[in-house]
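**Q** Fold the following and give me the result.
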Amino acid sequence: MLFFFLLASVSPLLVKADCHGNQLMAGNGMIQSEGYPVNYGNNLNCSWTIRASAMEQVILTFSDVMLEDCEFCNCDYVQVLDGPDPSSPVIGTYCGENRRPFSVMSSGEALTVVFVTDASNEEGGLTGFRANYTSIPKCGGNYATMNGTITSPADLNNMYPNNADCVYQITVPAMYTIFLKVDRLILQDKSMETGCSDFLEVKETAMGTDLGKYCGEMDRFSVMTSQNTMWLRFSSDNTTTSQGFTVLWDVIENTRYYTNPTGMISSPSFGGMYPFNANITYTITLPAFKQVFLKFSVFDLEPEVVQDVASMPGQNCADLLEIYDSSGRLESYCGLRNPFSILSMNNSITLMFKSNLAINRRGFVAEYETIERNTVFTDYNGLITPPQYQGMYAHNLDINYTITRPQNEPILLSILNFEVQEPVNGTCLDYLQIGTETICGEQNPKTYIFYGSTSFRFKSDFFLSGAGFQAQYDVCNTTIMEDSGVLRSPGYPAVTYDNITCIYSLRQSQHRTFDIDFTKFDLPPKVNGMCDNYVKIIDPHSGDIEVATMEGGQMMKDTMLCGNRAPFNVTVQAREIRITYVSASGNNTIGFNLNFNITDIPTTTTPTTTTTTGIMTNRPTTSTTQAPPTSSTPGEGGPGTKDNTTSASLPIIIAIIVVSVLLFTVAVICIVKSKSSKNDSENLKILSVRRTRQSCAVLNPSYESNEELNRGELK
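**A** Residues are numbered from 1 along each chain as shown. Model prediction:
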């Protein structure tokens, strides 16, 4: 059977008035036709008026309708009126059979139900109707809180009712705009003929900008106002109902300010979809002479204008992110982009994000950090790269790099890797400028030598990017006072320099333990038993240090190190250690790299020990004053030095031998003289006794002389 819904009133028939005028107070209750679920009677004219409390509405839910089916419901029908009496507007008139629950809602505090039957029931077996009623707080209203939730009215089956017409007005403080997130929207589907019969309509004000009329079933989405008010209307007709909607609102600042040295910005609701009608400004301000380095890891905006939706002014983009600094607009972006980065020209950058009402996407997220506008390097070595993100240098770069060292020290600058945008019509758009030379595209490693200081510049535009460049510098003929650090041959590991001599003096104010760990050592091998390219470790007081290392699978002891050697360690107790590196000619080796660490000498340790790959060579501890510094002279094509300290081992040995011989000679002479002196003393004693006895005999003739003594021989 057909089930008819008539929105106009039906002329009453002549019926009995035996169930008329029932007055009910809304809460939770039920009404039904007389005799339900058995056949209802003829000539009935029944009515029920349901009244709710002030600021409430009545929802009536029919669970069963089974009436005589006549055209235009002019036989038997149940009619719902929006008010307390029969003259109230008709919400709906129902007849026929409908076993699927449906609901209607009053617009005010009362609702009237009329049940009318004619004089006959030709079909038989008709049970009538049954309905439940309840009261709910009046839908719609004014909201002034900073956030909240709005849901569609619902009957006992959690379905929104027919005849709903709810208006919601949200107002927040003037400095904010409203961010509305539609978390659930399941309404009657849109009809090709009539459009949205049940809908949620969103505007900035009742008569203001229309932000969309939504119906059917939609995924989560969000929408923003450009001011501090929002107006919503939920409307349902008298046919199909569904689950309804849930929306949440929050306030959002149209302009956001960032002053921390690092941070993150993102489109609203990032992690979901950005809202329709977004218009947000982000401003990052750093201290003077700094630059903002902005790195986008996700960028996904609506790319192109869809039909019947206007594009952004002056743009071909539907949704748009514009980036400005003090020089004006740097660039605008839309669509889906791979990760990229951009650098401001000064200490401030502004981003403006706008979206239309057509399609929303993921949005964007970016991190920012602080970059020095002019970067100065003062260490004895360093690595230089442009600001990069995920392996690509930033757009809009214009950075000056300066390396400065005292006393006109040689600076060896090595461009190890270089890959930037290729020149366009012979012109470099992204480039590295070193002195008068401008380089772009892809380049092999390049080397430069400067003295005391140097500056160079890297610049990029807003278009293509690349890996950029990697430069390193190393200072020759320098004194290092640090307790730890890294030393390497200039250009390590990509390039080597010709005709250079570098001396690195590791100097301390007192005797300490120097631990030198060579992690890589790859120099040309000996030629005719001699090292043309080599490393020497020198104690300025005691001379060259002999080092035992593994070379070609054999243990070798040398003071002049070359060839390819396994990693090794040298430990020395001294006040100063000098490491001399000589590169005489070009080769295919990579040089050396070492770590040094200087610590105090343990108080219980007296011998000095040199340890190399598990081999220990004991040396006597000496306490000396600092030897005069070695002189250095520039070599051809680069800095050159010559160490005037010669090996002291042989002169020391000769001196020891000479001193030993002299000491032995003096000892022999002393022994001989001592023995001769003793014999002379004894002879004098015997002679003296003999003469005494002779004198006694002359004075006393009876004195008997000792003949044995008289016969004693002089020694």
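
**Q** Scan this protein for its longest strand.
**A** Criterion DSSP state E: the longest strand present in the chain is strand 500-522.

**Q** ok, and what's touching the helix or strand just after that one?
**A** Using DSSP states H and E, the next helix or strand after strand 500-522 towards the C-terminus is strand 534-539. Under the criterion CB atoms under 8 Å, 6 or more residues apart in numbering, residues 516, 521, 523, 544-545, 547, 559-562, 570, 572, 574, 576-582, 592, 643, 645 lie in contact with strand 534-539. Any C-beta I mention is one placed from the backbone N, CA and C, and that applies to glycine too.

**Q** Give the pairing partners of strand 534-539; include direction for each.
**A** strand 543-544 (antiparallel), strand 560-561 (antiparallel), strand 568-583 (antiparallel) (DSSP bridges).

**Q** Pick the most buried one from the ones you listed.
**A** Mean neighbour count (mean count of other CB atoms under 10 Å) peaks for strand 568-583 among the strands paired with strand 534-539, with a mean of 22.

**Q** So what's the gap between stretch 173-192 and the chain middle?
**A** Centroid separation between stretch 173-192 and its chain, computed with CA atoms, centre = their mean, to the nearest Å, is 34 Å.

**Q** I misspoke; the intended subject was stretch 99-106.
**A** Using CA atoms, centre = their mean, the offset of stretch 99-106 from its chain centre is 55 Å.

**Q** in that stretch, what counts as buried?
**A** Pro101, Phe102, Ser103, Val104, Met105, Ser106 (16 or more other CB atoms under 10 Å).

**Q** Between the two ends of that stretch, how far is it?
**A** 22 Å (CA to CA, to the nearest Å).

**Q** I'd like to know which of the strands paired with strand 534-539 lies nearest to Lys290.
**A** strand 568-583 (38.1 Å; CB to CB).

**Q** pLDDT averaged over that closest one, what's the number?
**A** Mean pLDDT, computed over strand 568-583, is 95.

**Q** quick one, phi/psi of the nearest residue to Asp558 once chain neighbours are set aside?
**A** Among residues not flanking Asp558 along the chain, Val547 sits closest, at 6.3 Å (CB to CB, 6 or more residues apart in numbering). Here is the backbone geometry of Val547 (degrees, to the nearest 10): phi -120, psi 130.

**Q** Can you verify my assumption that Val547 contacts Met560?
**A** No: if you go by CB atoms under 8 Å, Val547 and Met560 don't touch, sitting 9.5 Å apart.

**Q** Tell me the confidence at the nearest residue to Ile537 once chain neighbours are set aside?
**A** Closest residue to Ile537 apart from its sequence neighbours, by CB to CB, 6+ apart: Ile545 at 4.6 Å. For Ile545, the model assigns a pLDDT of 93.

**Q** tell me the contacts of Ile545?
**A** Contacts of Ile545 (CB under 8 Å, 6+ apart): Ile537, Ile538, Asp539, Thr559, Val570, Val572, Thr610.

**Q** if I look at it, how far off is Asn569?
**A** 12 Å (CB to CB, to the nearest Å).

**Q** Likewise for Phe179?
**A** Phe179 sits at a distance of 63 Å from Asn569 (criterion: CB to CB).

**Q** and Met556, helix, strand or coil?
**A** Following DSSP: H, G, I helix; E, B strand; the rest coil, we place Met556 in the strand state.
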